[in-house]
Structures are given as structure tokens and as C-alpha cells.
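[1] coords below, sequence missing:
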């Protein structure tokens, strides 16, 4: 949904790794409520629903791209910080019985 082209629910479901149908539905409803996503229902058999970004949703693309790039740039640092944290938590917990 990187542009204004509509996307069908099943396409989103297959594109987003590890998300359940229930969770995708919940998140799309929340995004629609927030004005980020617009959904259109087409009366057909079966009913076809398409989603697209609103103007508000489009305004999120640049900041999200920056966040994505930060995550890529600092992934190794985050992994090291997690490992250091986990080791210090194990040390603080003492020996396991």
C-alpha cells in the first residue's frame, strides 16, 4: 500500500508475514478509524473490499521510511544491546535451581 493503488485484503494478508486474518482485520479497522486507510466495498459475489492510503496515510510514508532506514542502519547495535541486557538480567537473577 505504498501508493494510492487499492489493495485487496487477501493481498495484504499474504504480504504481511506472520499476521493472522483476525489481527489484520483489527488493525485495518483501527487505521480506518484513525483516517489513515480508506476502504471501499464493491457489491459482488463474494463482496470485494479494497484498501488504500488516505492523504493522512500518505503523509506517514516519509517518516516511516526514515524509521525503517534507522532500523536497518542500527540493527547490529540493537542486537548487541539486547544480548548485553539479557546477560546482565541473568547475572542479576542468580543461579537457576
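    Yep, it's here. Predicted model, so just to flag it, every value in this text is computed and none were measured.
[2] tell me the domain boundaries of this structure?
    1-54, 60-97 (automatic domain parsing).
[3] so how far is the first one from its chain's centroid?
    On the basis of C-alpha atoms, centre = their mean, to the nearest Å, domain 1-54 sits 12 Å off its chain's mean C-alpha point.
[4] just the shortest one next, same as before
    Centroid displacement of domain 60-97 relative to its chain, using C-alpha atoms, centre = their mean, is 18 Å.
[5] Once you drop chain neighbours, what's closest to residue 31?
    In space, and not counting its chain neighbours, residue 31 is closest to residue 37: 4.1 Å by C-beta to C-beta, 6 or more residues apart in numbering. All C-beta spots, glycine's among them, are computed from the backbone N, C-alpha and C.
[6] hey, what's the one you found bridged with?
    residue 53 (DSSP bridges).
[7] Surely it touches residue 51?
    Yes - using C-beta atoms under 8 Å, residue 37 is in contact with residue 51, at 5.3 Å.
[8] Mind checking what helix or strand follows the host helix or strand of residue 57 in sequence?
    Under the criterion of DSSP states H and E, residue 57 resides in helix 55-58. Per DSSP H and E, helix 55-58 leads on to helix 61-93 as the next helix or strand towards the C-terminus.
[9] I'd like the average pLDDT over that next one.
    On average, the pLDDT along helix 61-93 is 92.
[10] and if you look at stretch 24-31?
    For stretch 24-31, mean pLDDT rounds to 97.
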